[in-house]
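A.B. asks: With the sequence up front, the predicted model follows.
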Amino acid sequence: MDVNTELKWNAQGLVCAIAQDYESGEVLMQAYMNEEAYRKTLETGYAHYWSRSRQKLWKKGEESGHLQKVRGVFLDCDRDCVLLKVEQTGAACHTGNYTCFYTPVRECGLGAEMLGQLQRIVADRKENPEEGSYTSYLFEKGVDKIAKKTGEEAVELVIAAKNGSRSEIVGECADLFYHTLVLLENAGVRLSDVCTELKNRH
């Protein structure tokens, strides 16, 4: 593959690179790549960038362990920006936040990325149980309790739909989504597994 025919490098020989959580769609960080970083990313399957301040190539997470396993690579229409869809280990931001974009200027409605955020919280409660946490309680009780609660929430959503109450439908659907995520986590199933199945059916 001839990299130079694919990308339009700026005067410094760089292109902008955006890292996005491949499951939730959350934008994690923005950095830059030179040709070597781009090649290394494609060859190794892990995100590499060019540090403008240090003037050196760096593999994301080489010191912190917060690696970015690349699941997909896309170019924008002008071919001067790279989008990496990644599986993020730990926090993407050096501040310890999962994403670098944690400072709100103007709030907007939440999108599908909320499910990804909730999935991470659920996984953490399973890995690190907290006293008083309902999620940790469900994992402690096991699959029978989790399945029972998920079934109950599904029935309650159906009843809310029959009643025609928008607020009830929203509330019960939120309950069902949450308990479904607990059920999936308990079974070792990721949202991406479900999304892949949906894509295969499309």
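C.D. replies: Cool, the structure landed.

A.B. asks: Can you give the domain ranges for the protein?
C.D. replies: In terms of domains, the chain is parsed into 3-88, 113-201 (source: automatic domain parsing).

A.B. asks: so which of those gets nearest residue 96?
C.D. replies: Distance to residue 96, taken as C-beta to C-beta, is lowest for domain 3-88 among the domains of the chain, at 9.8 Å. (Each C-beta comes from the backbone N, C-alpha and C, glycine too.)

A.B. asks: ok, back up a step: so which of the domains of the chain gets nearest residue 97?
C.D. replies: The nearest among those, by C-beta to C-beta, is domain 3-88 at 9.7 Å.

A.B. asks: ok, then the element right after the lowest-mean-pLDDT helix or strand in the chain?
C.D. replies: Least confident helix or strand of the chain, by mean pLDDT, DSSP states H and E, is helix 3-6 with a mean of 60. Per DSSP states H and E, the first helix or strand lying C-terminal to helix 3-6 is strand 15-21.

A.B. asks: quick revisit: check the domains of the chain for me and report the most buried one.
C.D. replies: Ranked by mean neighbour count, these are led by domain 3-88 with a mean of 16 (mean count of other C-beta atoms under 10 Å).

A.B. asks: show me where this structure has helices.
C.D. replies: Counting by DSSP state H, the segments of the chain that form helices are 3-6, 35-44, 113-127, 134-141, 143-163, 166-187, 191-201.

A.B. asks: Can you name the residues that contact the residue nearest to residue 195 when sequence neighbours are not counted?
C.D. replies: Spatial nearest neighbour of residue 195, chain neighbours left out: residue 23 (7.6 Å); criterion: C-beta to C-beta, 6 or more residues apart in numbering. Residues in contact with residue 23 (C-beta atoms under 8 Å, 6 or more residues apart in numbering) are 87, 116, 119, 190-192, 195.

A.B. asks: Identify all contacting residues around stretch 133-152.
C.D. replies: Identification of contacts with stretch 133-152 by C-beta under 8 Å, 6+ apart yields 121-122, 125-126, 129-130, 176, 179-180, 182-183, 185-187.

A.B. asks: What distance do you get for the spatially most distant residue from the centre of the chain to residue 20?
C.D. replies: Distance from the C-alpha centroid of the chain, by C-alpha atoms, centre = their mean, peaks at residue 163 (34.8 Å). Relative to residue 20, residue 163 is positioned 39 Å away (criterion: C-beta to C-beta, to the nearest Å).
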